[in-house]
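Colleague: attaching a predicted model along with its sequence, questions to come.
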Amino acid sequence: MTGLDKQKKMKTGLILSLALVGSILLLALFGSHLAPHDPYKTNLALAQLSPSWEHPFGTDHLGRCVFSRILSGASVSIFSALVVVLVAAAFGTAIGVISGYVGGIVDALLMRITTIFQAFPYFLLAVAVAGTLGIGLMNGMISLAVVFWTSYARLGRSLVLGIKNENYIKASRLCGAGNHHIVLKYMLPNIGSPILITGVLDISAVILSMAGLSFLGLGAQRPTAEWGAMMSEARNYLQTAPWVVIFTGFALFVVVVCFNYLGDTLRGLLDRKATGK
Amino acid sequence: MIRAAGKSMGSFLVTLIGITALSFALSYLSPGDPAEMWLTENGIAPSEELLQKTREQLGLNRPIPVQYIAWLGDLLQGDMGVSIKSNRPVAQELIKALPHTLLLAVSSMLVTMAVAVPLGVACAKYQGSWFDRLIQLTNYIFVSLPVFFISLILMYQLSYKLKLLPVIGAGSLKGLILPVLALSLNLISVYIRQIRSVVLRELQHDYVAGLYARGVPGRVVFFVHILKNTLTPIVTLTGISLGVLLGGTIIVESIFNWPGLGKLAVEAIEYRDYPVIQGYVVWMAFIYLLVNAIIEFLYLLLNPKLKRIGG
């Protein structure tokens, strides 16, 4: 009875979280078309207006519509994070799979390198790499990929070690399958879901880190309508136009909550599958 | 035990060397020619001939491993080069800023523990109650709030609107409150979650039922017996959260104008002051590594089971 209830609740959670994340992605895709005003058009006569029907989230110190800027900035903030997670997951998983599959000295060496990257507090390393590469959105993305790949390497390795000696792998080897074939055809599909879930859970961390880098002036640059950069610009006008910081921060918060929700739901489903219920 | 300690000491050293290598490699990421930078900073117009000479002088034409060894040798002697911005030794700049960051980090950690331990235990004790649900919801909110947003909101509410606290205020105790609050709020939620789940797990053990059966009062069961067993996970969590904390200080220090290492680093990036960035990265990684090594050691002390396995 309770098991069924729980299953039903989880299904609802999954549908709800997918719907939320789906609408966020749609908004990010079409946000710039939905914006009621030009997000880059400055007009000092309209500067620092508090929220109204014309400008639902008010205007900033240059008279730009905050609502329009948040809508059109969603794509930068969200899609850059998605790209970072994809790159980090692909690279990290590849390293982890090689490490676990080959073993021996290759494994020891690769894992040692992973440990060294993990020896740095992650945001700190990202700031240092972005700062050294030079400011810009692309460099910000590179620096985040540099710090986020390590967990996939560890996870990929342990997952491969877990299934390496399973009978179906042995059987395929006996049938003459090459390493390439075994890894791509039999291993990857079997280690996919934990990696996917880590990826989804990482999206919100990357969105936050990206915004943090831009806030420090290391990622997207002014006047780009990126949320971190917008808040960085608006913080000097916190006293006279607090709505810019508040609404932009709130948008960031909502997006992060939705991705976290999806990640947690997926993890719950996987845990359930793992315990065989 | 000794063998285990020796082994982790060895891996500590290897990681340490790796950290320095990676930090050294950072300088190769920077766009621009270091020789040219050196010349322009010293007010000399770079010409091809001069560049060649400077490269030789700075040792930039030697093979990279040789350069690394030389750099490492200097580093071990405490020489991390000279700051481009202030022209003072990097080590001196870092030592000046370090106490400010330590004060911030340690205070945040203490505040986090002081709030999260009682709340986490209470949530576990009254699992499923409105109190537990309220705290869980608050946790969910705070985990998803970026630290710079929390900082700005706190600043707006407490400094601008209520005029309770100074916006910038390094040095005074009042000035410490906002940055510490901004750093702790995220961590508190993480800790409460963890402590709650650890206590809930402990509650399932037979010894708890045994204690109750012997008539031991609930408060003693919770705050003496169960809390003792949650120490190990809390210590482990401290190691992980230190990294988050050190990352957070970069943002919080630059918002509240706190003269610590994070602000130093951000300013160094603005000035392209690579020696300072490099020194900062090495130091922070070293502190992080050292604290985690100490924690691993504490872990061995706290958990007799591991001692036996370790040999």
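Modeller: Now that the structure is in, tell me what you want to look at.
Colleague: need the per-residue pLDDT for A:Pro130.
Modeller: Quick fix: residue A:130 is Ala, not Pro. With respect to pLDDT, A:Ala130 scores 89.
Colleague: any bit of whichever strand or helix holds it sitting next to chain B?
Modeller: Assessed by DSSP states H and E, A:Ala130 sits inside helix A:122-133. Yes - counting by CB under 8 Å from any CB of the partner chain, chain B has neighbours in helix A:122-133: A:122-125, A:127-129, A:131-133. Any C-beta I mention is one placed from the backbone N, CA and C, and that applies to glycine too.
Colleague: torsion angles phi and psi at the closest residue to A:Lys41 other than its chain neighbours?
Modeller: Using CB to CB, 6 or more residues apart in numbering or on different chains and skipping residues adjacent in sequence, the residue nearest A:Lys41 is A:Arg64, 6.6 Å away. The phi/psi pair for A:Arg64 (degrees, to the nearest 10) reads phi -80, psi 150.
Colleague: counting neighbours, what do you get for A:Arg64?
Modeller: 25 (other CB atoms under 10 Å in any protein chain shown).
Colleague: okay but it is in contact with A:Thr42, surely?
Modeller: Yes - counting by CB atoms under 8 Å, A:Thr42 is a contact partner of A:Arg64 at 5.8 Å.
Colleague: quick one, what contacts A:Asp107?
Modeller: Going by CB atoms under 8 Å, 6 or more residues apart in numbering or on different chains, A:Asp107 touches A:99-100, A:157.
Colleague: and what of A:Gly100?
Modeller: Contact partners of A:Gly100, counting by CB under 8 Å, 6+ apart, are A:107, A:156-161, A:164.
Colleague: then B:Thr249?
Modeller: Per CB under 8 Å, 6+ apart, neighbours of B:Thr249: B:101, B:104-105, B:183, B:258, B:260-262.
Colleague: distance to chain A and secondary structure added to these, as JSON lines?
Modeller: Below are those laid out as JSON lines (distance: CB to the nearest CB, whole Å; DSSP: H, G, I helix; E, B strand; the rest coil):
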{"residue": "B:Thr101", "distance to chain A": "11", "secondary structure": "helix"}
{"residue": "B:Leu104", "distance to chain A": "14", "secondary structure": "helix"}
{"residue": "B:Ala105", "distance to chain A": "11", "secondary structure": "helix"}
{"residue": "B:Leu183", "distance to chain A": "13", "secondary structure": "helix"}
{"residue": "B:Trp258", "distance to chain A": "14", "secondary structure": "coil"}
{"residue": "B:Gly260", "distance to chain A": "13", "secondary structure": "coil"}
{"residue": "B:Leu261", "distance to chain A": "10", "secondary structure": "helix"}
{"residue": "B:Gly262", "distance to chain A": "9", "secondary structure": "helix"}
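Colleague: and which of those is nearest B:Gln278?
Modeller: B:Leu261 (13.1 Å; CB to CB).
Colleague: count the neighbours of the residue in the stretch 51-200 of chain A that chain B sits nearest to for me.
Modeller: Here the stretch 51-200 of chain A gets closest to chain B at one residue, A:Phe123, 2.9 Å apart by CB to the nearest CB. Neighbourhood size, A:Phe123 [other CB under 10 Å]: 26.
Colleague: hang on, it packs against A:Gly212?
Modeller: Yes - with contact defined as CB under 8 Å, A:Phe123 counts as touching A:Gly212 (6.6 Å).
Colleague: enumerate the residues of the stretch 51-200 of chain B near chain A.
Modeller: Checking the stretch 51-200 of chain B against chain A by CB under 8 Å from any CB, the hits are B:140-141, B:143-149, B:152-153, B:155-156, B:160.
Colleague: who wins for most neighbours among these?
Modeller: B:Phe148 (27 neighbours).
Colleague: check which helix or strand the residue of the stretch 151-300 of chain B found nearest chain A maps to.
Modeller: Residue nearest to chain A within the stretch 151-300 of chain B (CB to the nearest CB): B:Gly247, separated by 2.9 Å. Using DSSP H and E, B:Gly247 sits in helix B:227-256.
Colleague: quick one: that helix to chain centroid distance?
Modeller: Put simply, helix B:227-256 sits 6 Å off its chain's centre (CA atoms, centre = their mean, to the nearest Å).
Colleague: dump the residue contacts of B:Ala268.
Modeller: B:Ala268 neighbours (CB under 8 Å, 6+ apart): A:131, B:83, B:85, B:274, B:276-277, B:280.
Colleague: contacts only, for the spatially most central residue of chain A.
Modeller: Taking CA atoms, centre = their mean, the centroid of chain A lies closest to A:Ile203, which sits 1.9 Å from it. When contacts are counted by CB under 8 Å, 6+ apart, A:Ile203 is found next to A:81-82, A:85, A:259, A:263.
Colleague: doesn't it lie inside a helix?
Modeller: Yes - with DSSP: H, G, I helix; E, B strand; the rest coil as the criterion, A:Ile203 is part of a helix.
Colleague: now it, nearest residue through space, not along the chain?
Modeller: Closest to A:Ile203 by CB to CB, 6+ apart is A:Phe259, at 4.7 Å.
Colleague: may I ask which of the contacts of A:Gly100 has the most neighbours?
Modeller: In terms of neighbour count, A:Gly156 stands highest of the contacts of A:Gly100 at 27 neighbours, by other CB under 10 Å.
Colleague: would you tell me whether the helix or strand hosting B:Arg3 gets close to chain A?
Modeller: Element membership for B:Arg3, per DSSP H and E: helix B:2-26. Yes - applying CB under 8 Å from any CB, one finds helix B:2-26 touching chain A at B:11, B:14-15, B:18-19, B:21-22, B:26.
Colleague: done for today, thanks.
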